[in-house]
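Engineer: sequence and predicted structure are below.
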Amino acid sequence: MSKNYFILTSHFNDLGDGMSLSYYCSDGNKPVLLTFTQQKIIFFIDTMSEFNPPNIKFERKKAGFKNFSHQEVDTIYLNYYRDVQTCKQYCEENRIRTFELDIHPTERFLMERFIFGSIQVSGDSHQSSSIETYLNPTVSPSPQLPKLSLVSLDIETGVNDELFSIALSYQKEDELKNIVLMKSDEDKLIHAELTYYSTEERLLKAFLNEFMLMDPDLILGWHVIGFDLMFLERKCLKYNIPFLLGRSREKITLDERKGVGFFANIPGRVVLDGPPVIRGAFYNFKNFKLETVAMEVLGTGKDINSDGGKVSEIERRFREDKIALAKYNLLDCTLVIDIFKKLDILSLIMTRVQISGLLIDRLNVSTAAFDFHFLPKLHRKKYVAPNRIDIERDDTSTGGLVIEPTGGLHKNVAIFDFKSLYPSIIRTFKIDPYSNIQQDINTLKTPNGYLFSKTEHLLPEIIENLLELRAEAKRQNNKSLSQAIKILMNSFYGIMGSTRCRFYHSDLPSAITQSGQWILQMTIDFFKNRGLEVIYGDTDSIFVKIDDKSLSHKNIFNELCEDIDLYLKQMLKDNYHVDSFLECEFEKIFDQVFFSMARNSNTVAKKKYAGIINGEIEFKGMETVRSDWTDLAKTFQKEIFKMFFESYPIESFIKDFINKLENGAFDDQLVYTKRLTRPLNEYTKNIPVHVKAALKINHTGPYRLKEVSYVITKSGPEPFTDEKFEYDYSHYIEKQIKPIANDILTTHNTDFDSLFAGKQLDLFSL
């Protein structure tokens, strides 16, 4: 009888009889461990190369494989992973070229069996220590996704590095459990959700026991790796307590990779840290503080939310009101769970695993996802791929075509775009690494002269299958699946243009982008031939001015799209002998749209505009949709464009807005929030404003400051707190109001300085 599981983590180990692969899995109800013994490390070398590394047992076979130069290669099988580095060094010293030596064995095992996250298991199991184990079972792909168990973790600490409490919110199917473990003067059960412990050591041991009883698949939290887990690990080390959170009580590994972030390796469990996970799901917020995200997503937040008084209030509650602290501690746990639920993060993550093949901890490695899809199909064509490090870096590709906008205000502007343009180009011109090396077989040519095989290709079929799957997902209103497929498909162009990809060749991204430029130009010519004015074009979108309002209805636009599709289809068939997979769509029509001049330039700004549809204003590339500008700028921009589109006088509005600003009406909107890309002590020369503010923060804790909120005062930049500041309003006028105002004032043949001629502004210069 077969059973279905979702793979959580993968591992390998060299044993006496060879390498062993293991996969911790779960069906949402209980975990299992799949173990595969006597597995081989596989890579390839040129057939003509001698290969005899010392003190290593290996097997060499001919299997009819070729490299991208169409030369025969042999397959090398190693028994132990520890021999890989020795073989690599031997081959480098003897100038023997290797292929696919850098593919991790746990991923190769899954990809060659077309197992994407979910796995069907057949065979006998046995109970090994604390977990059910399958030894060398039969495995195959599975379409099922279970509902995994989870625990949300949060700790509270004091200024003297004291552990106050640990909160856990556990969910498994319909089972819910909330507990808080807190340090106090004595061991005491307060109620079902709160227990006191007389020492930190007893508190830590209780936590580890409760955690193992819960036995979650997923660990959620907010900065849970860099703060909570690292703090607990350090405390356990202090008391000589083994910090064993793995599924079979293995040690865990916590580390920070410079410029990347914090990582946790916990065998059998996956840590989902709120901020990076939500960023990875393409959500944007003003900042990624738990309070901010909770308020925006849930409409509620923490019960201690002031930056300045948070630490002292936690200290006070620990001393005077432990029950209130327990509620605060637990609320942080439940807020994280509620945010994940509201944004449907878990469904998206697990679906992305099923679509990409990569396990959760590797989801953002897009080059590996491409390997997962492409390599098994390439192998069945009897070809092998290079190592990533061996790829030759040559010319970089051009980007998509961007037509300089016609500046100013336009009315009745329809936007047309091409559905999945780059994937459609790949399908149309059969662009992929395999068709590139097989270009002499039934050759086709792109508009810019790149050659590919019309019949020997792999990626177009992969994309076709994904598009069909996405269409079905949309029919079933499966938003997670649709989004996961979109993320993967949109990555394919960038991957083939990345020098970190083993399939990189400059012809691939160049053929795609230059074909896109040609398609956009042909579409612009089509509209011009119809007597319609194109005022802007960007990669896959075209803005067309419709002067006759009688044309402004959807049926006319859909007919135009059909005509464009037929026009391009005929051109591609006549000139390039290919079938078109291009599909033009009518997106929307702006009642009005405005393109401003580029700042400090005489050209019109590209990728930046504001338009109004049915009274609602949409901004693209402007301050309103950017996280590095203040709420003041966003408020001003929204209001001034509303006045502008409704033809109200904006000069008096600007003056009135600044008067309100100087009288404190917008004091709650003057906060900047910026990320710190490296530790503060590494900023030594030309220290930026936000770093100057961060240096004034009395920051404590085991993790470095990653983000700073600050304001500009008459004394310079200050970290934002709930204190009262003497704001430098002239700075905000010059840096936040003036640039936005000038975008529109130029259409009135004036500018901001002329508007305030005669008024002395003591502008603050940073």
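Structural biologist: Cool, the structure landed.
Engineer: run through the helices of the stretch 601-750 of the chain in chain order.
Structural biologist: 631-645, 650-662, 689-694, 729-732, 738-745 (DSSP state H, counting those that start in this stretch).
Engineer: would you format these as JSON lines with distance to Cys236 included?
Structural biologist: Where C-beta positions appear, they are placed from N, C-alpha and C, glycine not excepted. What follows is the helices of the stretch 601-750 of the chain, written out as JSON lines (distance: least, Cβ to Cβ, whole Å):
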{"stretch": "helix 631-645", "distance to Cys236": "42"}
{"stretch": "helix 650-662", "distance to Cys236": "52"}
{"stretch": "helix 689-694", "distance to Cys236": "30"}
{"stretch": "helix 729-732", "distance to Cys236": "48"}
{"stretch": "helix 738-745", "distance to Cys236": "52"}
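Engineer: make TSV out of the ones you listed and add distance to Leu272, mean neighbour count and mean pLDDT.
Structural biologist: Below are those laid out as TSV (distance: least, Cβ to Cβ, whole Å; neighbours: other Cβ atoms under 10 Å; pLDDT from 0 to 100):
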stretch	distance to Leu272	mean neighbour count	mean pLDDT
helix 631-645	29	20	94
helix 650-662	41	16	94
helix 689-694	27	20	91
helix 729-732	38	22	95
helix 738-745	38	20	92
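Engineer: what about these, which gets the closest to Val139?
Structural biologist: Among the helices of the stretch 601-750 of the chain, helix 689-694 comes nearest to Val139, with 50.1 Å by Cβ to Cβ.
Engineer: who's in contact with that closest one?
Structural biologist: Contact partners of helix 689-694, identified using Cβ atoms under 8 Å, 6 or more residues apart in numbering, comprise 672, 674, 676, 680, 683, 705, 708, 710, 712, 716-719, 766.
Engineer: make it 6 Å
Structural biologist: Residues outside helix 689-694 that contact it (Cβ atoms under 6 Å, 6 or more residues apart in numbering) are 674, 680, 683, 705, 708, 710, 717, 719, 766.
Engineer: now the fourth one: how far from Lys377?
Structural biologist: In this structure, Leu705 and Lys377 are 46 Å apart, going by Cβ to Cβ, to the nearest Å.
Engineer: ok, back up a step: for Ile41, find the nearest of the helices of the stretch 601-750 of the chain.
Structural biologist: helix 689-694 (46.5 Å).
Engineer: any idea how far the longest strand along the chain is from the chain center?
Structural biologist: What stands out as the longest strand in the chain, according to DSSP state E, is strand 2-15. Relative to its parent chain, strand 2-15 has a centroid offset of 25 Å by Cα atoms, centre = their mean, to the nearest Å.
Engineer: next: stretch 206-218.
Structural biologist: That offset, for stretch 206-218, works out to 29 Å (Cα atoms, centre = their mean).
Engineer: now it: buried residues?
Structural biologist: Residues 206-208, 210-211, 214-218 are the ones in stretch 206-218 that count as buried (16 or more other Cβ atoms under 10 Å).
Engineer: could you do stretch 603-618 as well?
Structural biologist: In stretch 603-618, counting by 16+ other Cβ under 10 Å, buried: 604-606, 608-612, 617.
Engineer: need the contact list for Phe109.
Structural biologist: Counted by Cβ under 6 Å, 6+ apart, Phe109 has contacts Leu21.
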